[in-house]
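Q: Starting from these lines, generate the structure:
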Amino acid sequence: MYLQIPPVSRYSLGPSNSNLVPFPISRSGLWISTRRVCKSVTSGRRQGGFVGIWCQGKDDGFYMRRCVEIARKGIGCTSPNPMVGCVVVKDGEIVGEGFHPKAGQPHAEVFALRDAGDLAKNSTAYVSLEPCNHYGRTPPCTEALIKAKVKKVVVGMVDPNPIVASKGVDRLRDAGIDVTVGVEEELCKKLIEAFTHLMLTGKPFVTLRYSLSIDGHFSDQLGEEVTKPGGYYSQLLQEYDAVIRSSTLLRENFSLPVSEEPGANQPLQIILARNPSSPIQIPVMTTEASSKVVIFTDKGTTMEPETAQKGIETVVLDGMNLLTILEYCKQRGLCSVLLDIRGNIGDFEEMLREGFEGNLLQKVVAEMLPIWKGSKEERFPVAFTSLGQRLRLRKLSSRNSCRMLLGILSPTTWKRRDNGSKIYKKAPLRTKILQPYCRVSITQVSQSGVRGHKNLDLPFSE
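A: Below is the predicted model of the structure:
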């Protein structure tokens with residue numbers, strides 16, 4: 001990796017000396033460093049800014065992170081297959097790259113080997129996921145690597161799919177190829193967390209998304225800029241295969257939110273019609289768009305004649321429940337589902353309770369809105385406040401730009417059968433009673449100009 005910035009002077013600050021000292025700079029203006037830099041960047045400085053950076057040493061982790069980076073080019077398009085990236089390296093240089101663009105198309109290894117051409121011989125192939133060794137829609141990737149006479153294969157993680165189950169690694173080793181497994185494994189697991197969850201549990205990966213005001217009230221609003229390209233909400237709609245919504249959102253907005261990311265594959269829109277008091281109005285849309293809308297209802301539902309669209313599927317259930325909807329999504333080859341709590345909270349009450357008690361929810365995305373509702377209405381869905389157990393989040397992260405909190409709900413454990421093969425079982429949640437609250441800082445100014453400051457811990461429920 002080279003970063004070139006035209007230098008003003010050939011005298012710069014050395015890496016271990018605070019004084020101005022001369023050190024070797026190439027004709028291109030880059031400081032030539034012999035230090036091995038993999039996780040941290042070694043750089044030369046002059047007074048006023050960088051002269052240049054030269055990363056001379058790149059380890060396996062560097063190339064595997066590149067695999068993950070290019071794999072994300074297929075985000076939202078590969079289901080029911082996982083996102084996979086591959087990099088072919090020879091003599092310290094990347095000679096080929098590829099990613100899996102869509103289910104049914106060639107895998108990442110095939111594209112990377114095509115890109116490398118004859119240079120693939122005696123090279124090292126880095127793959128974020130174990131190469132497949134079975135015939136599906138495409139031939140085995142292991143055979144492509146063997147045919148290309150690759151010398152070594154570095155694998156990020158073993159494929160959790162029981163059809164593969166380390167068979168790809170074994171096939172490569174039997175062919176005399178050196179194989180290393182587990183490089184940047186956590187990063188690779190995070191890349192395909194939805195696919196992994198589906199393989200381990202047989203159920204799609206579900207993320208709960210909601211918005212709160214700063215005084216703890218549920219809100220169906222979204223923050224500024226979050227629906228535009230690059231906003232977290234637009235990215236969520238691109239990332240997930242399906243999104244569950246309330247039918248009241250259509251009556252209020254008369255539109256279906258979509259991802260604004262360039263080239264995004266729009267998710268399946270699942271509309272919940274729970275005892276509708278008025279007909280559901282479907283926005284005017286193309287035939288292609290209407291094929292990505294399905295209505296779930298527990299009673300007969302009518303739609304306005306002028307807005308009824310051909311190709312919209314309606315599923316009538318004896319009782320609205322999340323497990324049935326997830327089974328429907330699995331049959332359609334969907335790996336991930338976004339449960340978007342907007343519109344009528346009552347449409348989600350039983351579904352949330354079922355999701356918490358049945359360990360059907362895996363992740364939470366909460367947006368804190370900079371508004372103060374100050375009303376006495378129900379602050380939050382009862383399912384959050386009436387449960388005897390409170391859920392403990394792990395791996396928390398946040399975005400200050402949009403006041404978003406992200407947390408993982410529950411892990412998944414791996415067990416083994418007596419014959420040695422792997423089976424997977426959901427780990428029970430170990431929770432404790434926690435009262436969610438929002439801390440608000442209030443500053444008051446009296447007529448005399450005296451300021452008073454107080455912190456309030458406002459609970460999410462009365």
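Q: now the helices for the chain?
A: 60-71, 108-116, 141-147, 167-174, 185-191, 193-201, 232-239, 248-253, 287-290, 322-331, 349-357, 382-385 (DSSP state H).
Q: Lowest average confidence across these, which one?
A: Lowest mean pLDDT of these: helix 382-385, a mean of 52.
Q: for the residue lying closest to Leu119 once chain neighbours are set aside, what are its contacts?
A: In space, and not counting its chain neighbours, Leu119 is closest to Val95: 4.2 Å by CB to CB, 6 or more residues apart in numbering. Heads up, the C-betas are built off the backbone N, CA and C, glycines and all. Residues counted as contacts of Val95 (CB atoms under 8 Å, 6 or more residues apart in numbering) are 88-89, 115-117, 119-120, 123.
Q: go with 10 Å
A: 87-89, 112, 115-120, 123 (CB atoms under 10 Å, 6 or more residues apart in numbering).
Q: Just put the residues you listed in a markdown table and tack on distance to Gly136 and neighbour count.
A: Formatted as a markdown table, these follow (distance: CB to CB, whole Å; neighbours: other CB atoms under 10 Å):
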| residue | distance to Gly136 | neighbour count |
| --- | --- | --- |
| Val87 | 23 | 29 |
| Val88 | 23 | 28 |
| Val89 | 27 | 23 |
| Ala112 | 19 | 30 |
| Asp115 | 22 | 17 |
| Ala116 | 24 | 24 |
| Gly117 | 26 | 12 |
| Asp118 | 28 | 8 |
| Leu119 | 28 | 17 |
| Ala120 | 23 | 24 |
| Ser123 | 26 | 24 |
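Q: Tell me the one of those nearest Gly182?
A: Val87 (16.7 Å; CB to CB).
Q: Export only the CA atoms of stretch 91-106, formatted as PDB.
A: Provided in PDB are the C-alpha atoms of stretch 91-106 (Å, rounded to 0.1, in the frame of the first residue of the first chain):
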ATOM      1  CA  ASP A  91       5.400 -12.500  -4.600                       C
ATOM      2  CA  GLY A  92       3.700 -10.100  -2.200                       C
ATOM      3  CA  GLU A  93       1.500  -8.500  -4.900                       C
ATOM      4  CA  ILE A  94      -2.300  -8.900  -5.300                       C
ATOM      5  CA  VAL A  95      -2.800 -10.400  -8.800                       C
ATOM      6  CA  GLY A  96      -6.400 -11.300  -8.600                       C
ATOM      7  CA  GLU A  97      -9.600 -10.400  -6.700                       C
ATOM      8  CA  GLY A  98     -13.200 -11.500  -6.800                       C
ATOM      9  CA  PHE A  99     -16.400 -11.700  -4.700                       C
ATOM     10  CA  HIS A 100     -19.700 -13.600  -4.900                       C
ATOM     11  CA  PRO A 101     -22.200 -11.200  -6.600                       C
ATOM     12  CA  LYS A 102     -25.400 -13.100  -6.500                       C
ATOM     13  CA  ALA A 103     -26.800 -16.600  -5.800                       C
ATOM     14  CA  GLY A 104     -26.500 -18.800  -8.900                       C
ATOM     15  CA  GLN A 105     -23.500 -16.900 -10.200                       C
ATOM     16  CA  PRO A 106     -19.800 -18.100  -9.800                       C
END
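Q: What residues of it count as buried?
A: Buried residues in stretch 91-106, counting neighbours by 16 or more other CB atoms under 10 Å, are found at 94-101, 103, 106.
Q: Stretch 352-367 too?
A: For stretch 352-367, a neighbour-count test (16+ other CB under 10 Å) marks 352-356, 359-367 as buried.
Q: pLDDT below threshold where in the stretch 201-350 of the chain?
A: The stretch 201-350 of the chain contains residues with pLDDT under 70 at 251-255, 275-288, 299-311.
Q: For it, which segments count as strands?
A: Ranges of strands within the stretch 201-350 of the chain are 205-213, 218-219, 242-246, 268-273, 293-297, 313-316, 336-340, based on DSSP state E, counting those that start in this stretch.
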